[in-house]
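Student: Sequence and predicted structure are below.
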Amino acid sequence: MNINLDQARGIIRAALEAARARDMRPLAVAVLDAGGHPIAFEREDGAPPGRFAIAQGKAYGAVMMGMGGRKQMARAEAQPYFMSALNGVYGGQMVPVPGGVLVRDGDGRIIGAVGVTGDTSDNDASAALIGIAAAGLVGED
C-alpha cells in the first residue's frame, strides 16, 4: 500500500496551514510513495526554487532507510562513513536531517515519506508531523 494523491494533498495542505499559523518561513513539501517516487509537491511563494531537491531528499532518505530524518542524522553522526557510502549508493539523493518523516499506516506499514524544508529542521519536522497526523496517518521523525 502507498500514500494516495488525496492523502498527499491533505498532508501538504495541513503542513502549510500549520506553518502559516506558526509564522514559519515559506516552506516546500514533498510527499513520496513507499518506493521513493513523488506523489505531490508544493513550494510556497517566497521559498527558494531549489527547495524541491531538499524536500525530496529528506523524504527519500526516510523511505529508503526506513527511518525518519532525526534518526538518520544520529546515525550519520555515529557512523559517518556508512551514511556517506549509503548516500553514494542512492546517487546523493539523501538529506539525512530532521524534516524527512517516514509515514506509516494504522497497521505500522511504511507507505511513504514526507520531506519539508524552508525553516529550521525542527520546525520542518513539526510541520510534516502535523500534516501526516491530519491525514490520519502516523509520522516517524
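Tutor: In hand now; what should we look at? Nothing here was measured: the structure is a model prediction, and the numbers come from that model.

Student: who's Gly139 bridged to?
Tutor: Beta-bridge pairing for Gly139 (DSSP bridges): Val103.

Student: Contact partners for it?
Tutor: 68, 101-104, 114, 128-129, 132-133 (CB atoms under 8 Å, 6 or more residues apart in numbering). (Glycine included, C-beta is placed from N, CA and C.)

Student: Kindly indicate the member of those with the most neighbours.
Tutor: Ala128 (38 neighbours; other CB atoms under 10 Å).

Student: Now do the strands in the protein.
Tutor: Using DSSP state E, the strands of the chain run over residues 28-33, 38-43, 100-104, 110-117, 138-140.

Student: what pLDDT does Arg22 get?
Tutor: The model reports Arg22 with a pLDDT of 97.

Student: Now it: closest residue in space that isn't a chain neighbour?
Tutor: Asn123 (7.2 Å; CB to CB, 6 or more residues apart in numbering).

Student: count of neighbours near that neighbour?
Tutor: Around Asn123 there are 19 residues (other CB under 10 Å).
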